[in-house]
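Student: Below: sequence and its predicted model.
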Amino acid sequence: MSGQTADKLVYMANQIARNLAHDDRPAASVAHHITEFWTRSMTDALLAHGSADLDPVVAEALGLIRAKLT
Amino acid sequence: MGYEPQADFGTPAVNSDTQVTCSIDGREVTVPAGTTVMRAAALTGGSIPKLCASDNLQQFGSCRLCLVEIDGMRGTPASCTTPVMPGMKVHTQTPRLEKLRRGVMELYISDHPLDCLTCSANNDCELQDQAAAVGLRDVRFGYEGENHLDQAADTSNPYFDFDPSKCIVCSRCVRACDEVQGTFALTIDGRGFGSKVSAGLASDSFLSSECVSCGACVQACPTATLQEKAVKEIGKPERSMVTTCAYCGVGCTFRAEMRGEQVVRMVPWKDGKANRGHSCVKGRFAWGYAQHQERVLSPMIRETIDQPWREVSWDEALSYAAGEFNRIRDAYGRNALGGITSSRCTNEETFLVQKLVRAGFGTNNVDTCARVCHSPTGYGLKTTFGTSAGTQDFDSVEDSDVVLVIGANPTDGHPVFASRLKQRLRKGAKLIVIDPRRTDLVRSPHIEADFHLPLRPGTNVAVLTALAHVIVTEGLADEAFIRERCDWDEYRHWAEFVGQERNSPEFLAPVIGVDAEAIRGAARLFATGGNGAIYYGLGVTEHSQGSSTVMAIANLAMATGNIGRRGVGVNPLRGQNNVQGACDMGSFPHELSGYRHVSDAGTRALFEAEWGVAIDPEPGLRIPNMLDAATDGTFKAIYIQGEDILQSDPDTRHVAAGLAAMECVIVHDLFLNETANYAHVFLPGSTFLEKNGTFTNAERRIQPVRKVMEPLNGFEDWQVTQELARAIGLDWNYTHPSEIMDEIARLTPTFAGVNYQRLDEEGSLQWPVNDQAPDGSPIMHVDGFVRGRGKFVVTDYVPTDERTGPRFPLLLTTGRILSQYNVGAQTRRTANTVWHPEDVLEMHPTDAENRGLKTGEWVRLASRSGETTLRVLVTDRVAPGVVYTTFHHPATQANVVTTDYSDWATNCPEYKVTAVQITPSNGPSDWQEDYKAQASRSRRIAGHDGAMEPAE
């Protein structure tokens, strides 16, 4: 996964979080959206990226995804 | 069937709850009250002579040929303007009438050339037929008197001629232009004997006039006055077959009128429920690309894209492609493979491509061109209503009282629906247009929008939220509907949000760029004006908040109770002919046919049992993800059917880099398109005229596509996909697309009742067609939403990250025009180029003056993604600060400029907002020069020295 693509995934995830900010449980909504529409390899790449530049809601969502995967 | 014109009942059908019975020549007939004597006679099998009447036009009563006698009535009334009355006794054939009719016909023929035997309309001419019907034997007036026989023909239109020497001034053409098309381009100039059909001013020709070449006048003409050039060149058709147009999502049906293997003309089918007998310049006339010399008919391969193409047999091409795909799968894994289905291909063909990817490649890496147009519609309407579909049929607009058009330009993009809409508007429906440009709908003959909100590109969600604010805070919401049909708590949450002061028109007006009072007026009109219908297009979806905008539209419709009956609804105007169908067929990487997610084990089990393979439960890559993965080195091979992603997708350089990084690109298309510059295998495709199948239009209407000629390349596209599947080891044995549709019906609940026999018998079916809706579903969500209760979703306005600034101070928005279609692969290979030979940049006079630019001058259009050059058109159709262009021509490549920003939910590109700068230029950019050279090199074909495919 190139740095360019990882940056793009971070951007996409943050964009999702901004648009789901008014949901009851934004982190759960972001996690659901990523699980629903992203490939596993994209999700894995974002998980591997770490929390740098991530919206806090995305970071929380990734925690939910990680918990579900383990 | 053999050739015969469609039956013409003389005057339009009338809807009435009251039935009237009368007697016509002793035959008793019962018809709806208001039906004319002429139509009633025709319905009983009779034929009253007529010339100025046609059943798609309001009665006119000018030719005086349709006179009848009615017991108890004085004189000889015209049957076309006389409604039947209870007990009326009509006589249509009497000695008195015969004498009168012959006299009228003598006058017509005395001023008509007697060249029937050499006339191109011989034996297909109503004047000729009616002269025979009235028993004309001689013309007592002679032929020497003053006449119009020397008038010169107007041959300026590329598709039809106007020969006034044959005109009988029946006004059918003028009325067709007014009533059917709604352009009002034609008129009767002069008076009395000097009366003459005229297109625009006396100095105008048909080509220079406002005529949009829809063909309605040609269809209406009873003589050879307005006639297709093709009929003159080829001759009268000898058979016809009904099929469905391959251009936009309206889905017009046509009679393909044939002579041998040659199309003579495409005539709109009056029984077509999408188009009701109307057409546009593309469907009616622009089908010549099917025989264009640049069509590639031989399969070709090459190991690397710097080599010339090598023509090979189908076996060799398919064997090579399968070998490469198998090699790449073995080397890199199944997720290194993928495919793209086409919205221009049939349901059956798209179903097979996604089946090939899922069952053959073993991955969900399949996507479709809806990714770049209506994927947000899928997300937004499924979230709010429960399924990805427009809610209405086109007929519904006849019952609309207020029409809100946002981000759509139907007179150019969906012209036949636009004509229906304009008919309703001329009858009094109100109109709200939300669009950065002053589109034709805003102001055209006899139509003027009540509100035009010329918003800044990128502020759709803001304006829709402001409209909702007014509706909620002024107590205009339909709370009874909401309580009954929607989730009340979600509504309250949404209402609380939109009701905040920061969402008021006054607060948002500076962002939107529209006066707050106009927003308030539009909101009040939509909420209180009666049946409110919303129509939208890609100006809604192709934004970073495309999905949010769709949901905001759905919120607005639910809040005002405008769902679940005729005249209302949410209506996505689909760009391509089979966008709806391609999406229905499981072309998206996260769902199987019928919009069922791949993670659903029950759905997967159905497919696994039918296909005998395991389906991956994880979503696959979307097109932009595929390109990213390709540049990362993890995505290696793609099968692309009928889509030119290099020209149509955003950020051309990135698309090119992705394609160049792949080891095997298979392009299955009609022409060596731009994407084929990066292809290793080219599989020739077939046109819609050469295949059987079905298309599904924007109103969910499944319609037959019928093979009217043999495929020039030897195979229909579904056959090519099947052979590719067999080459990689799948045991597919379809013998006809009907078998594929049967499989679709078995696997897709909303298609359960669809089969070819029913389509042939009923003409079309609107899904869902199942036990709950055995006859299909013209209107959706009638008794309840598909998802149960309608869901209000808070859609907060999040400004796009694409911002103007000192370097790029203007906003570019893109679109398409009437005569061209998307990347232009079809329309650029027709005479439609006469109207649009190149893409131009529309710019407001103020912005042009600031840069010292005049119409026709070359400009450099630059964004942070790239730059191109094109000519400028100075016009106030665009607002200051906004520029607009089309993307029909590869020489311009407008998508070099568009960015990789996309919709948050679906990755649909943000085509509609790009920050740009415009500066004077003196010629093509370096990129354009390089691209032209590269394209020319890549189109070399071994053995075709000197006869290479020309660069486009």
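Tutor: Noted; the coordinates are in hand. Residues are numbered from 1 along each chain as shown, chains lettered A, B, ... in the order given.

Student: as a whole number, average confidence for stretch B:703-715?
Tutor: Across stretch B:703-715, the average pLDDT comes to 97.

Student: And for residue 22, the neighbour number?
Tutor: Answering for chain A, as no chain was given. 14 (other C-beta atoms under 10 Å in any protein chain shown). For every residue, glycine as well, the C-beta is placed using N, CA and C.

Student: that's the wrong chain, I wanted chain B
Tutor: 22.

Student: what helices or strands is the lengthiest helix in chain A leaning on?
Tutor: Longest helix of chain A, by residue count under DSSP state H: helix A:3-19. Judged by 3 or more C-beta pairs under 8 Å, 6 or more residues apart in numbering or on different chains; DSSP states H and E, helix A:3-19 is in contact with helix A:26-37, helix A:40-49, helix A:56-69, helix B:623-632.

Student: right, so those helices: which one is the most enclosed?
Tutor: Among the helices and strands packed on helix A:3-19, ranked by average contacts under mean count of other C-beta atoms under 10 Å in any protein chain shown, first place goes to helix B:623-632 (a mean of 24).

Student: who does that one touch, helix- and strand-wise?
Tutor: Using 3+ C-beta pairs under 8 Å, 6+ apart, the elements in contact with helix B:623-632 are helix A:3-19, helix B:652-660.

Student: any idea how far B:Asn347 is from chain A?
Tutor: The gap separating B:Asn347 from chain A is 24 Å, by C-beta to the nearest C-beta, to the nearest Å.

Student: cool, B:Val769 as well?
Tutor: B:Val769 is 28 Å from chain A, by C-beta to the nearest C-beta.

Student: quick one on the thing from earlier: for the helices and strands packed on helix B:623-632, please prepare JSON lines with the additional fields mean neighbour count.
Tutor: Formatted as JSON lines, the helices and strands packed on helix B:623-632 follow (neighbours: other C-beta atoms under 10 Å in any protein chain shown):
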{"stretch": "helix A:3-19", "mean neighbour count": "19"}
{"stretch": "helix B:652-660", "mean neighbour count": "20"}
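
Student: Now the most centrally placed residue in chain B. Nearest residue, chain neighbours left out?
Tutor: Note on chain B: the residue nearest the mean C-alpha position is B:Cys248, at 2.0 Å, using C-alpha atoms, centre = their mean. Computed as C-beta to C-beta, 6 or more residues apart in numbering or on different chains, the closest residue to B:Cys248 that is not its neighbour in sequence is B:His414, at 5.4 Å.

Student: looking at it, the one you found is touching B:Tyr247, isn't it?
Tutor: No: look at B:His414 against B:Tyr247 with C-beta atoms under 8 Å: they stay out of range, at 9.7 Å.

Student: ok, B:Thr795 - contacts?
Tutor: Residues in contact with B:Thr795, defined by C-beta atoms under 8 Å, 6 or more residues apart in numbering or on different chains, are B:Val461, B:Leu464, B:Thr465, B:Gln545, B:Ser548, B:Thr549, B:Met551, B:Ala552, B:Asn555.

Student: What is the three-state secondary structure of the residue nearest to the centre of chain B?
Tutor: Three-state call for B:Cys248 (DSSP: H, G, I helix; E, B strand; the rest coil): coil.
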